[in-house]
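# 3D, please:
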Amino acid sequence: FSADEIELPDQDHILLPCPTTGNAALTGQTGDQLPGKLDAKYTFVSAFNAAVTPNLDGSMTVSFKIPTGQESANFTILHWDGSKWVEVGGSKTPDGFFQTQTNLTGVFVLVTK
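As a prediction, the model looks like this:
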């Protein structure tokens, strides 16, 4: 295996590098469950909390399924750094996802801007 995948029912998922030691969990979140308010320039699309313990070794792929009808939207992924939202960017994939590579864990949000 080159990666371990954890997927939510809405197809949002993370890919963890192998071998993954410890535990990993992915929990979907609604806009009301976010740890901080989004800036007015962003519109919430989807969110999840990616937890890896003890630590993420390497980088993981964070992927959000692009909703039907929003394929041409201007997306970005935000990460909660403990006190504010930070843009981590991303790119569209041919199979309908918006994704980024990161060595961060925690809350990620797909937004349009």
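# CA atoms for contacts and neighbours, from now on please.
Will do.
# Flag the helix or strand of this structure with the lowest per-element mean pLDDT.
Across the helices and strands of the chain, mean confidence by mean pLDDT, DSSP states H and E is lowest for strand 3-7: a mean of 86.
# Any chance you could list what contacts the helix or strand just after that one?
Of the helices and strands lying after strand 3-7 in sequence (DSSP states H and E), the nearest is strand 13-17. Contacts to strand 13-17, defined as CA atoms under 8 Å, 6 or more residues apart in numbering, come from residues 2-7, 26, 50, 57-64.
# ok, now stretch 38-45?
By CA under 8 Å, 6+ apart, stretch 38-45 touches 31, 85, 109-113.
# out of those, which are inside helices?
Judged by DSSP state H, those include no members of helices.
# out of those, who's nearest Ser72?
Comparing these against Ser72 with CA to CA places Thr112 closest, at 10.3 Å.
# now the closest one, nearest residue through space, not along the chain?
Nearest-residue entry for Thr112: Phe75, 4.4 Å, with adjacent residues in sequence omitted and distances by CA to CA, 6 or more residues apart in numbering.
# Can you tell me the strand partners of the least confident helix or strand of the chain and which way each runs?
With DSSP bridges as the test, strand 3-7 is paired with strand 13-17 (antiparallel).
# Please name the bridge partners of the nearest residue to Trp80 once chain neighbours are set aside.
Nearest non-adjacent residue to Trp80, counting by CA to CA, 6+ apart: Val107, 5.6 Å away. Assessed by DSSP bridges, Val107 has beta-bridge partners Asn49.
# Does Val107 touch Ala50 like I think?
Yes: Val107 is within contact range of Ala50, at 6.3 Å (criterion: CA atoms under 8 Å).
# Same drill for the two, tell me which one is more crowded.
Neighbours per residue (other CA atoms under 10 Å) separate Val107 from Ala50, with Val107 holding more: 22 against 19.
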